[in-house]
Each structure stands twice: as C-alpha cells, then as structure tokens.
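A.B. asks: What follows is a predicted protein model with its sequence.
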Amino acid sequence: METLDAIKTRRSAREFTDKKVSKETIEQILEAGRWAPSGMNNQPWRFIVVSDKKTKEHLAKQTHYEDIINFASCAITVFYDIDSGYDRTKDVLSIGACVQNMLLASRSLGLGACWLGEILKNKDKVAQLFEAPASYELMAVIALGESAEKSRKGERKGMDELVYKWI
C-alpha cells in the first residue's frame, strides 16, 4: 500500500475478529515504530506487548473501552522511558510519531488498530500491572487485530480552516 493511501484510509478499529496476529507481524509493526524520528536519536519509547487473554483483561479494566482491548488480538503498550529522554516535549512528540508509524504499518499490513488514550488516566496502575521500571510512563495503548468493521469514510476540515497563513 502506498504511504499516502495508508494515511488517508487508516481508521480506528474498535471491533476485531477472533483471528490471531502472528508474532512476526507484530514484530514488523514494532519495527515500524522503532524507526520513528526522535531528537538526538534517543528513541525514548519502550513497548510491552500483551497477547495473553488474562493479562489483556486486567489491562482492559483500566479503561472505559474494555471491549476494544479484550477483543483485539493483542495490545501494544507504549511507554516513555524518562531516563533515556533529554527534552520531554520533543520526546513525547517522537513517541507520537512512533505510534503513528505503528498505526500506518498495521494498516499497510491489512490489520485494524486503535490508539487508546483514555487509559492514561490510570497510567500508574498500568505500569504496576506490568511491573514496569519507575522511569517508564505510559503514553499510549494500541489495540491490534483483524478488523471486523466495514470500511468507514473519514472526514477532515478543509485546508482553508487549517492553514492560518501561507507566506
């Protein structure tokens, strides 16, 4: 799939089939995240991949959107390793790029994914669940699997609303 097609056709999948995603495919998606840009190439992201059903259930209890995680083949938790950082704003932006790379890779591989942010209200509980180092701060959870949803169209504001000035 061409990059611009993946960008324009990517949608958040909230319903999944029961088909499992292979370890090799998950590794490809993580690899896409790994290649995101970061300031000073510090690569401040760390991942915990959750495929185990019981562990996914415990993770899902930390969000209002339990079903999205429970029905996904796996969840990729994305943490900011504060100890590897050098500038919080730049590091957090690079983690956003990392997450976007993984979402686009998922799309290009024919999978559905959903970037969950509401779970951040319980980021400390999630870190405890995984016994993550104290320097790890949860930034996102990506639910991943074969989408059970039909294709949806996306709406975007017009460029005249988004471009303030073109000088």
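C.D. replies: Done, it's in. Everything numeric in this text was worked out from a predicted model, so none of it was measured. Residues are numbered from 1 along each chain as shown.

A.B. asks: tell me the mean pLDDT for the strand ranked longest in the chain?
C.D. replies: In the chain, assigned by DSSP state E, the strand with the most residues is strand 136-145. Mean pLDDT, computed over strand 136-145, is 98.

A.B. asks: In terms of secondary structure, what does that strand contact?
C.D. replies: Packing partners of strand 136-145 (3 or more C-beta pairs under 8 Å, 6 or more residues apart in numbering; DSSP states H and E): helix 66-71, strand 74-81, helix 88-108, strand 112-116, helix 123-129. For every residue, glycine as well, the C-beta is placed using N, CA and C.

A.B. asks: switch to 10 Å and redo it
C.D. replies: helix 23-34, strand 45-50, helix 53-60, helix 66-71, strand 74-81, helix 88-108, strand 112-116, helix 123-129 (3 or more C-beta pairs under 10 Å, 6 or more residues apart in numbering; DSSP states H and E).

A.B. asks: would you list the ones you listed in JSON lines and tack on mean pLDDT and mean neighbour count?
C.D. replies: Output for these, formatted as JSON lines (pLDDT from 0 to 100; neighbours: other C-beta atoms under 10 Å):
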{"stretch": "helix 23-34", "mean pLDDT": "98", "mean neighbour count": "16"}
{"stretch": "strand 45-50", "mean pLDDT": "98", "mean neighbour count": "20"}
{"stretch": "helix 53-60", "mean pLDDT": "98", "mean neighbour count": "16"}
{"stretch": "helix 66-71", "mean pLDDT": "98", "mean neighbour count": "18"}
{"stretch": "strand 74-81", "mean pLDDT": "98", "mean neighbour count": "22"}
{"stretch": "helix 88-108", "mean pLDDT": "98", "mean neighbour count": "19"}
{"stretch": "strand 112-116", "mean pLDDT": "98", "mean neighbour count": "22"}
{"stretch": "helix 123-129", "mean pLDDT": "98", "mean neighbour count": "16"}
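
A.B. asks: would you turn those into TSV with distance to Asp5?
C.D. replies: Output for the helices and strands packed on strand 136-145, formatted as TSV (distance: least, C-beta to C-beta, whole Å):
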stretch	distance to Asp5
helix 23-34	16
strand 45-50	26
helix 53-60	30
helix 66-71	25
strand 74-81	23
helix 88-108	9
strand 112-116	16
helix 123-129	33
